[in-house]
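>>> Provide a 3D model corresponding to the input given below.
(2 chains)
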There are 2 protein chains.
Amino acid sequence: KTPPLSRQLSFTALLLAVVVCRATQDYGYKDVEEPTLGDSQYGSLWPLPQKVQMSTVAFKLSGVSFQIVDAKESSSGASCSLLQNAYRRYDEYIFPISRMQGQNKKKAFASVSELQVWITSADSECDNYPSVTSDESCECPGMMFVFLVGALSQVPINRTEIQDFPRFTHRGLLLDSSRHFLPIKVILANLEAMAWNKFNVFHWHIVDDPSFPYMSRTFPQLSQQGAYHPYTHVYTPSDVKMIIEFARLRGIRVVSEFDTPGHTQSWGKGQKDLLTPCYSGASPSGSFGPVNPILNTTYDFMAMFFKEVSTVFPDAYIHLGGDEVDFSCWKSNPDIQKFMAQQGFGTDYSKLESFYIQRLLDIVTTTNKGYMIWQEVIDNGVKLKSNTVVHVWMGNKFEEELQKVTEAGFTTILSAPWYLDYISYGQDWQKYYKVEPLSFNGTDAQKKLVVGGEACLWGEYVDATNLTPRLWPRASAVGERLWSDKDVKDTNDAYSRLIQHRCRMVQRGIPAEPLFTGYCAHEYKGV
Amino acid sequence: KTPPLSRQLSFTALLLAVVVCRATQDYGYKDVEEPTLGDSQYGSLWPLPQKVQMSTVAFKLSGVSFQIVDAKESSSGASCSLLQNAYRRYDEYIFPISRMQGQNKKKAFASVSELQVWITSADSECDNYPSVTSDESCECPGMMFVFLVGALSQVPINRTEIQDFPRFTHRGLLLDSSRHFLPIKVILANLEAMAWNKFNVFHWHIVDDPSFPYMSRTFPQLSQQGAYHPYTHVYTPSDVKMIIEFARLRGIRVVSEFDTPGHTQSWGKGQKDLLTPCYSGASPSGSFGPVNPILNTTYDFMAMFFKEVSTVFPDAYIHLGGDEVDFSCWKSNPDIQKFMAQQGFGTDYSKLESFYIQRLLDIVTTTNKGYMIWQEVIDNGVKLKSNTVVHVWMGNKFEEELQKVTEAGFTTILSAPWYLDYISYGQDWQKYYKVEPLSFNGTDAQKKLVVGGEACLWGEYVDATNLTPRLWPRASAVGERLWSDKDVKDTNDAYSRLIQHRCRMVQRGIPAEPLFTGYCAHEYKGV
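Residues are numbered from 1 along each chain as shown, chains lettered A, B, ... in the order given. A predicted model of the protein is given here:
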């Protein structure tokens, strides 16, 4: 019997996830039409860790006796259900079959029998929510993992040492549950895949013009009237709680977005007088525009609504939207016109927008939440708290916007080049992969303000039927860009790893679409 | 008790399928962002029949007692398993739930209790394969269906009379099982969806450069060596038989394509000396080019191989490919050069290609099969039998190609504008829908030679994970273009029907992707 792996290793586990990667040929994918690419020396590692040292020392991993356990020295262990859940999850990834079949087999070979997880951070954060303010790389200095590799009962593995930390702290994915309702299981499946790709923020664009699936305790009429269906196309408080907990266990923050004052048509169905009545000449046309910014009732509503939201969603940030406000309805409304005159706004409706947003921000500030907003809010000159996160999404000249936003001293995240709903023929993952978020002109201090980015999959053309394969592995390219070192940009190497990573996702039950002609080795494994 | 529906109706059933459509709001899809489109007067009918007369006479359809039966006068009935299978299939579509729950319920309302199917054609073709030579509209003159509508136990329906026949006889779909292996169940599911969209030809692009999944009895080494995996990534004779029978029961022909002399890299793995050795200077480079056209063994092989194929695939046609032959390898080979000189071909390698194809066509002719070929074969001046079907695929100026091919007197089918693998953002189904296959310059006689078209989903970027939602409902647009009258081209009306048709496909288990923002009514049915 060889000694347990613990003797050779020490661990600091990133609480976000216990990461166990397979670096063998198990996930080999044969690409038969393009010039044959050499396999990456990094096997199927994705995203590529900051430092990988592979040795030639080989072990065998026993599927019968192997287990992941808490190291004695660990600051967190059996009482940490987050860790225990992660052990179980990765045990199942490594041994999808043999655990059930091999319980009683005698051990035939000397082999590695344990992976000991040693949490060295003083605060295990086991029962907390992941947060943006607690910087990952600072929490986990000198992390070292041994990435274990194996399948079925006996697989030779190389000892590998990995030091890892993320380049950016905000690695998000936006899903839109308003344009199409996304069943809970679709959201959970994609949270799972997010964890495999080291995304740590689920930006939940939960409501928008088309539907209001968020079931509010304070204002139940919002989903009663505004959801596609009041019972089946809603997220109940329990649903939301489950999604947040499922995410938490995988080191993923859930940042909800309640976008106002535009993109709010569905709000108006259940909340009288919230939206601006549009006029056709001298009389109301019957249609409605953005949130009505001139009524006190609007702000009373927002205060109560965001008070609820701030308790339902534990994350320190709320995304307040603020994009694409159409002024035409405001312009048509005589009451709004009068208000504009009173306030001395002239005909500059962006001043009215700012008026609304400023009051909204004050309201949200009282909930002790930070806020994220889309770039228009700052473009329109709204005064923002210094810890506001500005979300850059406009495709045109995003480098200039990053320069501008960071020059003004604001933290920012980038989505502009990562709108995954814009599909095109071929390997568009390469386009996402080649983006360098810090390529703009700016000082080091400015660049530090770019804390990450988000891949966005808006919902016009995706629902439960096609969302998952459309998202993966295209989003994986963004995942590596946001995690790995800036010098990790060899597309050929990435291709070789990504085809294996994609096969791994497929094997684990996520129907990630193929990158190109070929097949996954696991497709015929065990035959 | 009202009289059975038979008293009011007479049927001539198209053997291709017993078509029962739902024309109610059951499949309503709420589109909430685009300008509200009026519901089509044709409900969810897709593709639109040639003639629809809806009356205001309403019936109720009893889910408890309703059944589809053979009319007494029918020329085909209980002994026709094709018909009986179709009855069962459509019974399950109409009553997905109530059959199981409602067997013992007493009938509460007077209602329609029977759909009688009256086959009037003398030859029922129950045990035959569908064919291209038996023109559908000629076989079934004056067809009249009553399209029944309903769901669950008691649903009011309008009496509707439909006369229908296809505009084009060849309505095909190409799937590629070489670039990615397609599991049997994926193929079967898509054959099912093809029937719902009145496609009647499954063009099975079964082998190509990347892999050779067709298991040949005569040359087992071809898949043994050439498939992605010799056991799991192959279509056994039983698999092929099952697919053909599943298709036959749905009125779908299976036209296999064995593409030569190019696109044959995978053939070379299991068949020595079949491919041309490429040279690097004076010596073989180790790589191989197209089929070697100068060896007698090549033609001996092809004769045996296509003899087998002609018995395995019952359809009267085989697709012989002939596209994209790369001459560089032939040019490099000194034996080929010598042969070229002997034959007096000079340096015109298209003459060598023609030499090969002409001999291949002679071989296939001895099997009594007709053949389809890609357009290059005729472009390169190969002599063809008059009943050859030329497949136009090149996107550039396909109208001119149609003009040229039909001017030469050849039957042709069109795929150029319907390469569904070329994805793009938004509602690209409209692009496919707007194609008018007969828009080229030509006489009436020429236009009659265009017998249809095929939607092609090449396999570079699709496999079991994403094929089905990428294909449907985009292919449905091609389905209606090939079935319905040329004047059926109102995109708004089509949109209204297609969103419902798409929801119907989803409800029946095909994950067809959404056309746009919204939801399917059935998503919350029964709640």
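>>> For the rest of this, base every contact and every neighbour count on C-alpha atoms.
Will do.
>>> Let me see the confidence value for the one residue in the stretch 151-300 of chain A that gets nearest to chain B.
As assessed by C-alpha to the nearest C-alpha, chain B sits closest to A:R179 within the stretch 151-300 of chain A, at 4.9 Å. At A:R179, the pLDDT value in this model is 98.
>>> Kindly report the same for the one 10 residues further on.
The predicted local distance difference test score for A:A189 is 98.
>>> What of A:G150?
37.
>>> With A:G102 instead?
Confidence at A:G102, expressed as pLDDT, is 44.
>>> what's the burial count for A:A455?
29 (other C-alpha atoms under 10 Å in any protein chain shown).
>>> list the contacts for the residue of the stretch 151-300 of chain A closest to chain B?
Residues near A:R179 by C-alpha atoms under 8 Å, 6 or more residues apart in numbering or on different chains: A:208-211, A:459-460, B:517-518.
>>> try it again with 6 Å
A:210, A:459-460, B:517 (C-alpha atoms under 6 Å, 6 or more residues apart in numbering or on different chains).
>>> closest to B:N380 among the residues you listed?
Distance to B:N380 across those (C-alpha to C-alpha) is lowest for A:E460, with 45.2 Å.
>>> Not counting sequence-adjacent ones, nearest residue to that closest one?
B:T517 (4.7 Å; C-alpha to C-alpha, 6 or more residues apart in numbering or on different chains).
>>> Is it correct that the one you found is in contact with A:W458?
No: contact between B:T517 and A:W458 fails when scored by C-alpha atoms under 6 Å: they sit 10.1 Å apart.
>>> How about the residues of chain A by chain B?
Listed as neighbours of chain B in chain A under the rule C-alpha under 6 Å from any C-alpha of the partner chain: A:32, A:179-180, A:210, A:232, A:422-425, A:460-461, A:465-466, A:469, A:511, A:513-514, A:516-518, A:524.
>>> Now a PyMOL select for only the buried ones of those.
This is the PyMOL syntax for the buried subset of these, where burial follows 16 or more other C-alpha atoms under 10 Å in any protein chain shown:
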select buried, chain A and resi 32+179+180+210+232+460+461+465+466+469+511+513+514+516+517+518
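>>> Now go through the residues of chain A next to chain B and say which are in strands.
Using DSSP state E, no member of those falls within strands.
>>> for the stretch 101-250 of chain A, what spans make up the helices?
Per DSSP state H, counting those that start in this stretch, the stretch 101-250 of chain A carries helices over the ranges A:136-139, A:184-196, A:221-226, A:237-248.
>>> So which of those is nearest A:E454?
The nearest among those, by C-alpha to C-alpha, is helix A:184-196 at 11.6 Å.
>>> where are the low-confidence patches of the stretch 51-200 of chain A?
Where the stretch 51-200 of chain A drops to pLDDT under 70, the residues are A:58-64, A:96-112, A:124, A:133-159.
>>> the strands in it, which residues?
A:51-62, A:67-70, A:114-117, A:145-146, A:154-163, A:170-176 (DSSP state E, counting those that start in this stretch).
>>> just the angle between the last one and helix A:184-196, please?
I take that to be strand A:170-176. Orientation of strand A:170-176 against helix A:184-196 (axes from the mean of the first three to the mean of the last three C-alpha atoms, to 10 degrees) gives an angle of 160 degrees.
>>> Partner strands of strand A:170-176, with direction?
strand A:201-205 (parallel), strand A:450-457 (parallel) (DSSP bridges).
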